[in-house]
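Q: okay, predicted coordinates and the sequence, questions at the end:
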Amino acid sequence: ELEAKVKEATNSEAWGPSGTILHEIASETNDRAAMDMILHVLYERLKETGPNWRKVYKSLTVLDYCAKNATPRFVKEVMMGVDRIEDLKRFRYVEHETGKDQGLNVREKAAKLCDLLNNKDRLKEEREKAKVSRERFHKE
């Protein structure tokens with residue numbers, strides 16, 4: 001069920017993952033096996049290319065949310081694999097029909113996430129803000 005949620009959150013549909021699904025995924029990072037499975041699915045999605053750019057973009061969205069809301073252990077794991085995200089700053093894909101550079105979305109999202117992960121003070125600040133929001137909206 002959790003794997004299906006992660007895949008749903010990172011599908012190729014034109015809309016992003018819901019806040020509820022993002023919250024559920026981040027909450028599951030308390031369990032080591034669940035955390036490993038989440039990372040595996042996300043990292044597999046990051047390997048997608050070209051026309052599957054939305055899967056890559058949404059995986060970055062999930063990683064960004066989890067960087068701010070998941071367990072510190074999850075964040076540490078992502079920081080250790082930040083090179084996978086760094087590589088996406090060079091992601092290329094131009095839609096043939098429209099000529100639109102959809103790769104730009106991925107490149108910008110990857111750059112912002114890398115900046116967050118590489119700035120411990122900013123990451124701490126974002127995690128504090130997210131904690132306040134979680135307490136307000138999810139009443140954990």
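A: Happy to help now that I have it.

Q: from Pro51, how far off is the residue lying farthest from the centre of the chain?
A: Here the chain has its C-alpha centre computed as a mean, and the residue farthest from that point, by C-alpha atoms, centre = their mean, is Glu97 with 27.7 Å. In this structure, Glu97 and Pro51 are 11 Å apart, going by C-beta to C-beta, to the nearest Å. To be clear about C-beta, it is placed using only N, CA and C from the backbone, and glycine gets the same treatment.

Q: so how far is the helix or strand where Glu128 lies off the chain centroid?
A: Following DSSP states H and E, the helix or strand that holds Glu128 is helix 120-137. The gap between where helix 120-137 is centred and where its chain is centred comes out at 16 Å by C-alpha atoms, centre = their mean, to the nearest Å.

Q: neighbours around Asp101, how many?
A: By other C-beta atoms under 10 Å, the residues close to Asp101 number 13.

Q: ok, now which ones touch the closest residue to Val41 other than its chain neighbours?
A: Once flanking residues are discounted, Val41 sits nearest to Val6: 4.4 Å by C-beta to C-beta, 6 or more residues apart in numbering. When contacts are counted by C-beta atoms under 8 Å, 6 or more residues apart in numbering, Val6 is found next to Ile25, Met37, Ile38, Val41, Leu42, Val62.

Q: fine, thanks again, bye for now.
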